[in-house]
Structures are given as structure tokens and as C-alpha cells.
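S.K.: Let's see this in three dimensions:
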Amino acid sequence: FVIGNFNQLDSLSLFQPANSITSALANEFAEAASGLHQAALIYLGLVLFFITFVVLTLSKLLLSQLRKGEGAKS
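M.R.: Prediction:
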């Protein structure tokens with residue numbers, strides 16, 4: 001997953017260099033002035049937390065369903 005760590009938004013193409021949420025947080029949070037920029041970075045952190053939470057919850061549900069299916073076959 002090399003996406004380039006590029007901050008310019010000229011187009012909405014998926015194949016252009018971009019910036020991931022984690023790299024934006026790591027690169028910009030220390031220098032962010034209080035106000036809108038810092039609030040936007042905190043919001044990005046919450047979005048990242050929500051995405052992580054949903055992916056982990058779905059994976060645990062999938063694993064529990066697979067375990068139930070294995071128990072029924074035995």
C-alpha cells in the first residue's frame with residue numbers, strides 16, 4: 001500500500017498519489033495550530049478509530065460464525 005504521502009487534491013482519481021489517514025495524523029498533528037486544523041485532525045482520528053472498530057467487529061463476527069459452522073460438522 002504505497003500511496004505517496006502526497007497532500008495535494010487536484011483530482012479524485014484513485015490512482016493519483018495521496019495521503020493516508022494515519023500519515024496525515026502523524027505528519028500534521030504536531031504542527032497543527034489550535035482551531036479548525038487541529039479539530040479536523042481529531043475528527044480524522046475518530047474516523048480511523050471507527051473504521052478500525054467496525055473491521056474488528058466484523059472479523060470477530062465472521063470468526064464466530066465459522067467456529068459455529070465447524071462445530072456443527074463434527
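S.K.: Every contact and neighbour count from this point should use C-alpha atoms.
M.R.: OK.
S.K.: Show me which helix runs longest in this structure.
M.R.: helix 36-73 (DSSP state H).
S.K.: Now stretch 5-25: buried residues?
M.R.: 17, 18, 19, 20, 24, 25 (16 or more other C-alpha atoms under 10 Å).
S.K.: now for those, which pair is the farthest apart?
M.R.: Spatial extent of the buried residues of stretch 5-25 (C-alpha to C-alpha) is set by the pair 17 and 25 at 17.0 Å.
S.K.: so how many other residues sit close to residue 56?
M.R.: By other C-alpha atoms under 10 Å, the residues close to residue 56 number 12.
S.K.: Contacts only, for the residue positioned nearest the centre of the chain.
M.R.: For the chain, residue 48 is the residue whose C-alpha lies nearest the centre (C-alpha atoms, centre = their mean; 4.0 Å). With contact set as C-alpha atoms under 8 Å, 6 or more residues apart in numbering, residue 48 has these partners: 21, 22.
S.K.: With residue 41 as the reference, measure out to it.
M.R.: 10 Å (C-alpha to C-alpha, to the nearest Å).
S.K.: Kindly report the same for residue 68.
M.R.: Residue 68 is 41 Å from residue 41, by C-alpha to C-alpha.
S.K.: where does the protein dip in pLDDT?
M.R.: For the chain, the stretches flagged by pLDDT under 70 are 1-2, 72-74.
S.K.: circling back to that earlier point, now, which of the buried residues of stretch 5-25 sits nearest residue 55?
M.R.: Nearest to residue 55 among those, with distances taken as C-alpha to C-alpha, is residue 20, at 16.9 Å.
S.K.: wait, the closest one sits on residue 26?
M.R.: No: contact criterion C-alpha atoms under 8 Å: residue 20 and residue 26 do not qualify, at 10.0 Å.
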